[in-house]
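Undergrad: Give me the fold of what follows.
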Amino acid sequence: MPEFFNVLPPDEARARWLPRISHRVPDERIHTVDGLGRVTANPVTSPEALPAFRRSTVDGYAARAADTFGASSSLPAYLTLAGEILMGQAPALDINPAEAALIHTGGMLPESADAVVMIENTQSVSEHEIEVLRPVAPGENVIQVGEDIMPGAEILPAGHRIQPQDIGALLALGFSDDLAVRQQPRVSLFSTGDELVTPDTQHLRPGQIRNINSSTIRVLCFQAGADVYDHGIVPDDAEALYAALVETFAASDMLVVTAGSSVSARDITADTINRLGAPGVLVHGIAGRPGKPTILAVVDGKPVMGLPGNPVSAFVMFSLFGIPAIAHMMQAAAPRRVSVQARVTVNVPSVAGREDYIPVRLTERDGERWAEPMFGKSNLIFRLVGASGLLKVPLDQTGLREGAWGEVILF
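TA: Residues are numbered from 1 along each chain as shown. You can find the predicted model right below:
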């Protein structure tokens, strides 16, 4: 007789599972330009000031601010041109009282100048003299030494997921080929089911379906910063699954098995995971829909997941649990889930004590955001195609009435 689920709310399931994952991926060093999405292994501090010299933020004239005080279009200040400051080299001239020098954006100011007059606020009198039509204050139109960052200041903390702008900042400080990051966790994927065939199968026999879960989970792993090894389709046989898991366990940081996690005579996944090692299965059943029969386990400190075979269920449950586990092994925060508030277009039924995730399409109506549910069974992958995100029905509610506000987690 089948054993019934002892389901846990999603937050409680995560709280039971993640702290037991003690496995951590080691560090490695990479080229900074290859760092997008990687996680810093240590705090990164600045070895120098940026900028390293005072430079102009505009095209204009380097000058002494005091020489421009009181200047106006009706009573301009007259400054003698001392020359031009060339780009990419230290100034070869000094600015004496009542003098100025032509300077371009990014040019280095002489020590004797403390401001830059915008070229728009000047007028040429002769080849060697200009009129200043507006005063400047000391430091105006000038970036000071270290104004961007000072030596020793922290650029990025440990556990930070590197963004495009971070790469630019690191390269500006000379971090080019020796950036310490966490290794990408190796996630091994297994699909069980005698009915499964590879996605490239052109002609299906009766009862066969193409295996798409591995490809979907693979993409989610890539987005989370993991490296993925797809070990293909394993027969519905306990010994075959056990042999496949044992063979890859040592070289993997995480194991994910799709299908075979429902409570039935064919549920071999939980028993097989328990054979791998301690503590084994910690959660078998999530108080959520889709994805109730999800398995969360830990073996020798490594996370192991058993996902339902239904594509939407597998997608949602891996998003809720697999992605945080990958981040946990890299000692990083999970990628931020972006959500918005929207009104639901129809009544959305649910059950108290269960957290529902429903694909929705977002639209705008009368200046407000509306979520149109895309109802259907959890094995219909096309529920997700064209969806904007997942509408979350909280654990303590029996649904959302038409027009009520709800949280939509964006894809």
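
Undergrad: hey, let's count contacts and neighbours off CA atoms from now on
TA: OK.

Undergrad: Quick check: which ranges of the stretch 1-150 of the chain have low pLDDT?
TA: 1-5 (pLDDT under 70).

Undergrad: Recalculate using a threshold of 80.
TA: 1-6 (pLDDT under 80).

Undergrad: Quick one: the strands in it, in order.
TA: For the stretch 1-150 of the chain, the strands defined by DSSP state E, counting those that start in this stretch occupy 27-30, 44-45, 55-56, 60-63, 77-84, 99-103, 115-118, 122-126, 129-132, 142-143.

Undergrad: ok, now the stretch 301-411 of the chain?
TA: With DSSP E, counting those that start in this stretch as the criterion, the stretch 301-411 of the chain has strands spanning 302-307, 339-344, 348-349, 355-365, 368-373, 389-393, 399-400, 405-410.

Undergrad: likewise the stretch 151-300 of the chain?
TA: 154-156, 179-182, 186-192, 196-197, 209-210, 227-234, 254-258, 279-284, 288-289, 295-299.

Undergrad: Let me have those strands in a markdown table, extended by distance to Leu86 and mean neighbour count.
TA: Listed next are the strands of the stretch 151-300 of the chain as a markdown table, based on distance: least, C-alpha to C-alpha, whole Å; neighbours: other C-alpha atoms under 10 Å:
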| stretch | distance to Leu86 | mean neighbour count |
| --- | --- | --- |
| strand 154-156 | 31 | 16 |
| strand 179-182 | 34 | 22 |
| strand 186-192 | 52 | 23 |
| strand 196-197 | 68 | 18 |
| strand 209-210 | 66 | 15 |
| strand 227-234 | 49 | 17 |
| strand 254-258 | 57 | 25 |
| strand 279-284 | 68 | 20 |
| strand 288-289 | 66 | 23 |
| strand 295-299 | 63 | 26 |
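
Undergrad: residue contacts, Pro164?
TA: Leu36 (C-alpha atoms under 8 Å, 6 or more residues apart in numbering).

Undergrad: quick revisit: looking at the strands of the stretch 301-411 of the chain, which is buried most?
TA: Ranked by mean neighbour count, the strands of the stretch 301-411 of the chain are led by strand 302-307 with a mean of 27 (mean count of other C-alpha atoms under 10 Å).

Undergrad: Give me the distance from it to the chain's centre.
TA: Its chain's C-alpha centre and that of strand 302-307 lie 22 Å apart, by C-alpha atoms, centre = their mean, to the nearest Å.

Undergrad: And for stretch 64-73?
TA: 49 Å.

Undergrad: Please identify the buried residues of that stretch?
TA: By 16 or more other C-alpha atoms under 10 Å, the buried positions in stretch 64-73 come out as 64-65, 67-68, 71.

Undergrad: what residues are up against the nearest residue to His128 once chain neighbours are set aside?
TA: Of all residues not flanking His128 in the chain, Leu81 sits nearest, at 5.0 Å (C-alpha to C-alpha, 6 or more residues apart in numbering). Shown in contact with Leu81 (C-alpha under 8 Å, 6+ apart): 99-102, 128-130.

Undergrad: One more: Val234?
TA: 190-194, 240-241, 244.

Undergrad: Report the beta-bridge partners for it.
TA: Counting by DSSP bridges, Val234 is bridged to Thr192.

Undergrad: What mean pLDDT does stretch 247-267 get?
TA: Averaged over stretch 247-267, pLDDT sits at 78.

Undergrad: what do you get for stretch 347-358?
TA: Mean predicted lDDT for stretch 347-358 stands at 91.

Undergrad: Make 6 the first number, not 1, from now on.
TA: All right, first residue 6 from here; so that's stretch 352-363.

Undergrad: Please save the CA atoms from that stretch in PDB.
TA: Extracted in PDB, the C-alpha atoms of stretch 352-363 (Å, rounded to 0.1, in the frame of the first residue of the first chain):
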ATOM      1  CA  ASN A 352     -11.100  33.900  -9.400                       C
ATOM      2  CA  VAL A 353      -8.100  31.700  -8.600                       C
ATOM      3  CA  PRO A 354      -9.000  28.800  -6.400                       C
ATOM      4  CA  SER A 355      -6.500  27.200  -4.000                       C
ATOM      5  CA  VAL A 356      -6.500  25.300  -0.700                       C
ATOM      6  CA  ALA A 357      -5.400  26.700   2.600                       C
ATOM      7  CA  GLY A 358      -2.100  25.100   3.700                       C
ATOM      8  CA  ARG A 359      -0.800  24.800   0.100                       C
ATOM      9  CA  GLU A 360       1.300  27.300  -1.800                       C
ATOM     10  CA  ASP A 361       0.300  27.500  -5.500                       C
ATOM     11  CA  TYR A 362       2.300  28.800  -8.400                       C
ATOM     12  CA  ILE A 363       0.200  29.500 -11.500                       C
END
